[in-house]
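Asker: turn this into a structure:
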Amino acid sequence: MQPTALNDPAASSPAHGRVIAAVVGIALAAGALFLYVPSLSCKFLNLDDFQYIVDNPYVLRPSWEHARAFFTEWRNPTTVGGYYQPLTMVSLMLDRIIDGVGKPIPDPKVFHATNIAIHAANCLLLFIWLSRLTRSFPAAAVGAVLFAVHPMNVESVTWICQRKSLLAAFFSLLTLIAYDKHARRPGVGWLTAATLAFLLALLSKPTSWMLPVFLLLLDFYPYRRLKISALAEKLPMFLLAVVFGWIAYVSQKTGAGAVAPHLDVLLKKTPLVICHNITFYFTKLLVPLNLCPQYPAPPLDAIKLTAAPFAWGVVGTAALIALLIAFRRRRIVWVGVLGFLLLINPVVLGLVDFQGSITGDRFVYLPMLSLLLMLGFGIAVLAARGFSAKLAVAGLAIVVSLAFSWKTWRLQDVYLDSINYWEFVVRQNPNDAYCRMGLGRAWLLVDRNAAAESEFRKAIELNPDFADSYFYLGEVLYYEQKPTEAKEWIDKGLALRPDSSQGNFFLGLVMQRLGYVSETIAPFQRALELRPNWREALRGLSIALLKSGRGAESLPVLTRLVTLEPDNPVNLYNYAVALTESGEDLAALNVMQQAVALKPDDGNMQFALAACAASAGDTNLAWKALEAAVKLRPEMMELAAAEHRFEKMRASPRWRVLKISVEGAPANKPN
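Answerer: From the prediction side, this is the model:
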């Protein structure tokens, strides 16, 4: 029996159907919200959350200009590497506004609450979509509940920077619902709505680019309208898919370090990876045990048929093919399985290696919808066989949902903070260098340098070719005041990967600590060639240029840095110094006033403002700032006596009065 789904699910009793739908929908959304309450206690993770939010100047300082930058920067984004995801970044910006822009540190609770709310909305939209296609509220409810409670979705909901997966699924579901309306009553209106929703999904995360192909599968079944016109009407969607698919590949390659395998690897290894990943995802979806936020990719020489994971992958894929053949007359089975593989396609194929992972729970959030559609149809068929069948389905659904809910509740504890996260990951993967390095970075966040150093050294032992571990070991040695040893390790890392932005940046920092000045310019410049808008590297380069007496050359660097961090008084101070050295006294005075306005209780800033004002001829401001500087730091009077820009002021009686006023002050040693 092949149920059709072209009639309104509540056609026989519209009022009754709407009441049931409303009750089930409200209960479903409320349950999803409650289930993820533990996530509200989770902190930001040192795994993209910092570059997305905590250290992101555009998110921390919301503005129309910053929102525009998110939409226009796609190849080398200013603040976040990886996917082109402007809508996601704007949503994080809105969270910051809700949280309070004035707060120095954002509250993760606000961002978690939004993630949870979007997930609850997705559950509700899925219920609506499934109920329309299956014509069965119970079947739709079971599918939506399983989606709400499935443990594999924890990563997408609880990890804040996976906002992109949640938003992409939200707009993809709107696309599916709008297209369902169009399929039942073809017309320009709903098709246009579906296309616009698809565009919004792509702007959230471009990996939803295979959705038009999935719609063609739905045209095959259950809509039974697969013909040339169905393909032609989707041409705008396919054009968007091609454009955003290409953008996704380029942005991942240039912004996140993702790389495509060489052709020989592609031909020899990818088939095994495909089989492994297909088996992995279907197994974990059915039995979500031993879930982990990280599934490290094995070395290339370990990807072979004789290795157990890949042998089982081939067996599992063969079993799936046999299942499809056995159910060849059940079109919904083909649609469900092929739809899942289409929506997860870029990940399953292994065409891009990203962050050293072979799989990831977060990648199934959207593709899961296809399998739930297949399940919904299956439940609808079983439920039609009588009361006993309905009772059996209900009982099984309740048991599975409760088990999944318990697992989901517990799994959120993994994301409590960075240390908790990486300790869990290391327990699951004790011999993986990337995981060890992640734990080391987590220890660095809480100034546990000894623990961090230990993890970085373990990572190097496990994988001597993993350059990042050398760079981070150099960083922790830098903090431990061991610059010579730090430089040795960083040099070793750069020998492995000379085009590393991190390695070159850390080299510049360590060389500054060793007393080098002009020699640090080249590594900072190289780091910025690789990451043009890295604020720390811009800051390091500007300081190196200023100390080398090349203030004019530092101006474009500082201009960019001040644009990225307009409220940073130190950047403004250095910018004013560079302007002064370039002979732009009035501009320097204006910038220094901005710096002092941000930090009025800083004696050094007030002293610099007085000097800038004296150079610009504003004697009144110079006296006011100098008096403020001396009041804050009486020892500044001694420095003022040697400052050539105060020469005319020293001839004034006001100078003698100021000097007498500080004679009784404690003579603190200048910094």
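
Asker: give me the below-cutoff pLDDT ranges for the protein.
Answerer: 1-17, 252-268, 346-355, 663-671 (pLDDT under 70).

Asker: remind me, longest helix of it?
Answerer: helix 108-134 (DSSP state H).

Asker: what comes up buried for that helix?
Answerer: Neighbour-count burial for helix 108-134 flags 108, 110-116, 118-134 (criterion: 16 or more other C-beta atoms under 10 Å). C-beta here means a position set from N, CA and C on the backbone, and glycine is covered the same way.

Asker: which helices and strands sit right next to that helix?
Answerer: Secondary-structure packing of helix 108-134 (3 or more C-beta pairs under 8 Å, 6 or more residues apart in numbering; DSSP states H and E): helix 14-35, helix 86-99, helix 137-149, helix 154-158, helix 163-184, helix 368-383.

Asker: can you give me the strands in the stretch 301-450 of the chain?
Answerer: Assigned by DSSP state E, counting those that start in this stretch, the strands in the stretch 301-450 of the chain fall at 357-359.

Asker: give me the most central residue, the protein.
Answerer: Residue closest to the average C-alpha location in the chain (C-alpha atoms, centre = their mean): Cys161, at 3.9 Å.

Asker: which ones are touching that one?
Answerer: Cys161 is in contact with Leu47, Asp48, Asp49, Tyr52, Ile53, counting by C-beta atoms under 8 Å, 6 or more residues apart in numbering.

Asker: quick check: the first one touching Gly438?
Answerer: Yes: using C-beta atoms under 8 Å as the test, Leu47 is close enough to Gly438 to be in contact (7.0 Å).

Asker: from the chain's centroid, how far away is the strand or helix carrying Val59?
Answerer: Secondary structure assignment for Val59, by DSSP states H and E: helix 57-60. Computed by C-alpha atoms, centre = their mean, to the nearest Å, the chain-centroid distance of helix 57-60 equals 14 Å.

Asker: neighbour count: Leu47 and Gly438, which is higher?
Answerer: Gly438 (25 against 22; other C-beta atoms under 10 Å).

Asker: check contacts around the closest residue to that one other than its chain neighbours.
Answerer: Of all residues not flanking Gly438 in the chain, Trp422 sits nearest, at 4.6 Å (C-beta to C-beta, 6 or more residues apart in numbering). Counting by C-beta under 8 Å, 6+ apart, Trp422 touches Cys435, Gly438, Leu439, Arg441, Ala442.

Asker: which one (most neighbours) among those residues?
Answerer: Ranked by the number of neighbours (other C-beta under 10 Å), those place Cys435 first, at 27 neighbours.

Asker: quick check: that residue vs Gln428, distance?
Answerer: 8 Å (C-beta to C-beta, to the nearest Å).

Asker: can you list residues touching both of the two?
Answerer: Gln294.

Asker: contacting residues for Ser93?
Answerer: To be clear, residue 93 is Met; Ser isn't right here. Taking C-beta under 8 Å, 6+ apart, one finds Tyr58, Val59, Pro62, His66, Ala67, Phe70 in contact with Met93.

Asker: who wins for most neighbours among the residues you listed?
Answerer: Val59 (26 neighbours).

Asker: and the helices in the stretch 451-600 of the chain?
Answerer: With DSSP state H, counting those that start in this stretch as the criterion, the stretch 451-600 of the chain has helices at 467-479, 483-496, 501-513, 521-530, 535-547, 551-564, 569-581, 585-598.

Asker: can you say which of those helices is nearest to Leu40?
Answerer: helix 535-547 (29.9 Å; C-beta to C-beta).

Asker: what packs against the closest one?
Answerer: Short answer (3+ C-beta pairs under 8 Å, 6+ apart): helix 535-547 packs on helix 501-513, helix 521-530, helix 551-564, helix 569-581.

Asker: which of those sits closest to Thr195?
Answerer: Of those, nearest to Thr195 by C-beta to C-beta is helix 551-564, at 35.5 Å.
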